[in-house]
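1. Here you go, sequence then predicted model.
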Amino acid sequence: MEREKVTGVVIRERPAGDNDKLLTLLTAEHGKMIVTGKGVRSLKNKNMASTQMFCFSSFVITKNRGGFYHIYESDLLESFFGLRRDLVPLSLATYVCDVVDHCSVEDSGDVPLLRLLLNTLYAISSAKKPYVQIKGAFEMRCASVCGLAPDLDGCSVCGIGDAPMYYLDVLGGVAVCADCMSNRKLDDAVEREMSGEWTRPLVQLSPELLLILRHLVECDISRLLAFALPEQLEHDYQTACERYLLHHLGRGFDTLDFYKQITKM
Ligand SMILES: [Zn+2]
């Protein structure tokens, strides 16, 4: 049997058999991997601690003749213990892992997505920034990592970079200034979308918020949360980031609904 070392985060876990688990990992080496942890639900198992949900661990894995991966041994690198502080960080981290599971692919290393995941889990766990700021930053950067970043270099119609107000056209992935927006004939598809509250594709962006979103898309990942989010921008910020990501992924997430329910967003 081949043995290989990989590092990654447990983004999903399901019980299997009496004491086993089926784990989904996001790894630097192979992107998403489904692996079996034999006996890891037993407290006595040496791999128990490093195979918990959210854990960042190094794994020695074996591949059997059927092509299935098994954990041979593992070392815990980071448990993000603070995520288990209460239900709010726990449910936000669960939503983040759900999105990452949806966006990642097997057999393709994905270091940018793994770095975003690690940074986000660390931020939620340490709680040095408000959850609303962390959630939006994750969502917008995740869209960018997936090649879905909006073009936020001023107005996409007239090019103006210092308009007093912009709109994020979620559908088109561009910013449009208020003047161009009022002159623009919205097509049927946009009008249909606008009739539904959840998918309303236009979000108001003050110039300050436009700069923040551009930062989320373009900055070095280590500086992702290095900005202040004024309270009066929070609502538009979270609306823009969440709608943008969900619209372009073409789906919602039960784990997001649950998070919003307990935080009454
Ligand atoms: Zn314009």
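-> Alright, I've got the coordinates.

2. going forward, measure contacts and count neighbours with C-alpha atoms only.
-> Fine.

3. Touching, Val40 and Lys21? I think so.
-> Yes: assessed by CA atoms under 8 Å, Val40 is found in contact with Lys21 at 6.6 Å.

4. Which parts of the chain are strands?
-> Along the chain, counting by DSSP state E, strands occupy 2-16, 20-27, 31-37, 56-63, 69-78, 166-169, 174-177, 202-205.

5. And Asn47, how close does it get to Phe59?
-> Relative to Phe59, Asn47 is positioned 9 Å away (CA to CA, to the nearest Å).

6. shared neighbours of those two, anything?
-> Each of Glu73, Ser74, Asp75 lies in contact with both Asn47 and Phe59 under the rule CA atoms under 8 Å, 6 or more residues apart in numbering.

7. Just give me the neighbour total for the first one.
-> Glu73 sits with 15 neighbouring residues when counted by other CA atoms under 10 Å.

8. For it, which residues are in contact?
-> Residues in contact with Glu73, defined by CA under 8 Å, 6+ apart, are Lys46, Asn47, Phe59, Val60, Ile61.

9. If any of those residues are buried, give me the PyMOL selection for them.
-> Applying 16 or more other CA atoms under 10 Å to those leaves a buried subset, and the PyMOL line that selects it is:
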select buried, resi 47+59+60+61
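
10. Throw the contacts of Glu73 into JSON lines and include distance to Phe258 and pLDDT, thanks.
-> Below are the contacts of Glu73 laid out as JSON lines (distance: CA to CA, whole Å; pLDDT from 0 to 100):
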{"residue": "Lys46", "distance to Phe258": "33", "pLDDT": "95"}
{"residue": "Asn47", "distance to Phe258": "30", "pLDDT": "92"}
{"residue": "Phe59", "distance to Phe258": "31", "pLDDT": "97"}
{"residue": "Val60", "distance to Phe258": "34", "pLDDT": "97"}
{"residue": "Ile61", "distance to Phe258": "34", "pLDDT": "96"}
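
11. with the contacts of Glu73 in mind, which one is nearest to the ion?
-> Nearest to the ion among the contacts of Glu73: Phe59, at 51.8 Å, using CA to the ion.

12. give me the beta-bridge partners of the closest one?
-> Beta-bridge pairing for Phe59 (DSSP bridges): Val6, Ser74.

13. Any figure for the gap between the residue nearest to Leu113 when sequence neighbours are not counted and Asp98?
-> Sequence neighbours aside, Val145 is the residue nearest to Leu113 in space, at 6.5 Å (criterion: CA to CA, 6 or more residues apart in numbering). According to CA to CA, Val145 and Asp98 sit 16 Å apart.

14. Give me the domain ranges for the protein.
-> Following automatic domain parsing, one finds the domains of the chain at 2-128, 144-263.

15. List the residues that contact Met165.
-> With the criterion set at CA under 8 Å, 6+ apart, Met165 makes contact with Cys177, Ala178, Gln204, Leu205, Ser206, Pro207.
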